[in-house]
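S.K.: quick check, what structure comes out for this input:
(one chain, ligands or ions: 3)
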Amino acid sequence: MPSLGRLHLITDTRPGRDPLTVVRAALAVARADLVVQVRVEDSATDREAYELAQRVLALCVPYGATCLVNDRLHVALAVGAAGGHVGADDLPVAAARRVLGPAGVLGATARAPGTATAAVAAGASYLGVGPCHATSTKSGLPDPIGPAGVRAVVDAVDVPVIAIGGVTTERVPELRAAGAYGVAVVGAVSAAADPARATAELIEALTC
Ligand SMILES: Cc1ncc(COP(=O)(O)OP(=O)(O)O)c(N)n1
Ligand SMILES: Cc1ncsc1CCOP(=O)(O)O
Ligand SMILES: [Mg+2]
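M.R.: Ligands and ions are numbered 1, 2, ... in the order given. So this is what the prediction gives:
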């Protein structure tokens, strides 16, 4: 399995957003270091998810960037993405692993050591851990776990931990200090005035 990128850009498909323009800008800067996770609204149809994933994958391929699909693993398989990400409302991790096969990249959401070790035992190849900080991007989230919560998970597992939720460039150092391998962002890039510049700053913070 190829090494996992440290910056995960999750598509923002809320009304008024332009996910493909943002992905294009981020890829031009981060190139093979970027993981793009195709995440659509729950109300989106499978056809809409498939068409977006196809287009995102086509943008990723020339750069050698990794494309993952959130929740809908059949869409990941259908477009030929590298894998997918599942959380508590999605397929259980072991079932997701069966769907993707042994070579697929499989992310699982965890916010505590117990769920984290269970997810890894069931076949997760990385963990999305959070929310680290408050965010308005997704509603109904539990309280933020902060860098200390990230550290607790990092200490419990031997797979890359990707911190998510309210991540900004300024917060990357404390998350790295807590042992996070990388970060996943929506707003820090998609809502930035200059998504390419925001991407460059995140990459710099993740690799310096
Ligand atoms: C890298 C990463 N971490 C966590 C999540 C959240 O997944 P989930 O808990 O299933 O919530 P939804 O994104 O499906 O609303 C993620 N997508 N990526
Ligand atoms: C999908 C998801 N799961 C936990 S936080 C989150 C959204 C993160 O978005 P942002 O980077 O804008 O805080
Ligand atoms: Mg999910």
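
S.K.: nearest residue to Thr11 in space, please, no chain neighbours.
M.R.: Pro19 (4.1 Å; C-beta to C-beta, 6 or more residues apart in numbering). Placement of C-beta: from N, CA and C, glycine included.

S.K.: what about the one you found, distance to Thr137?
M.R.: 13 Å (C-beta to C-beta, to the nearest Å).

S.K.: please apply the same query to Ala152.
M.R.: Taking C-beta to C-beta as the measure, Ala152 falls 23 Å from Thr137.

S.K.: what residues sit buried inside the longest helix belonging to the chain?
M.R.: In terms of residue count, the longest helix belonging to the chain (DSSP state H) is helix 46-60. Buried residues in helix 46-60, counted by 16 or more other C-beta atoms under 10 Å: 49-50, 52-54, 56-57, 59-60.

S.K.: pipe those into JSON lines and attach pLDDT and distance to Ala110 per row.
M.R.: Formatted as JSON lines, the buried residues of helix 46-60 follow (pLDDT from 0 to 100; distance: C-beta to C-beta, whole Å):
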{"residue": "Ala49", "pLDDT": "98", "distance to Ala110": "24"}
{"residue": "Tyr50", "pLDDT": "98", "distance to Ala110": "28"}
{"residue": "Leu52", "pLDDT": "98", "distance to Ala110": "26"}
{"residue": "Ala53", "pLDDT": "98", "distance to Ala110": "24"}
{"residue": "Gln54", "pLDDT": "98", "distance to Ala110": "29"}
{"residue": "Val56", "pLDDT": "98", "distance to Ala110": "25"}
{"residue": "Leu57", "pLDDT": "98", "distance to Ala110": "26"}
{"residue": "Leu59", "pLDDT": "98", "distance to Ala110": "29"}
{"residue": "Cys60", "pLDDT": "98", "distance to Ala110": "25"}
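
S.K.: ok, so of these, who is nearest ligand 3?
M.R.: Nearest to ligand 3 among the buried residues of helix 46-60, counting by C-beta to the ion, is Ala49 at 12.3 Å.

S.K.: assign Ala95 to helix, strand or coil.
M.R.: For Ala95, the secondary structure call by DSSP: H, G, I helix; E, B strand; the rest coil comes out as helix.

S.K.: number of nearby residues for it?
M.R.: 14 (other C-beta atoms under 10 Å).

S.K.: so it versus ligand 3, what's the distance?
M.R.: Computed as C-beta to the ion, to the nearest Å, the Ala95 to ligand 3 distance reads 13 Å.

S.K.: same check, this time on Ala180
M.R.: Distance, Ala180 to ligand 3, by C-beta to the ion: 20 Å.

S.K.: isn't that residue up against Val161?
M.R.: Yes. Using C-beta atoms under 8 Å, Ala180 is in contact with Val161, at 5.2 Å.

S.K.: mutual contacts of those two, please.
M.R.: The contact sets of Ala180 and Val161 overlap at 129, 150, 154 (C-beta atoms under 8 Å, 6 or more residues apart in numbering).

S.K.: dump these into CSV; add distance to Ala94 and neighbour count as well.
M.R.: As requested, the shared contacts of Ala180 and Val161 are arranged in CSV below (distance: C-beta to C-beta, whole Å; neighbours: other C-beta atoms under 10 Å):
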residue, distance to Ala94, neighbour count
Val129, 19, 32
Val150, 24, 26
Val154, 23, 23
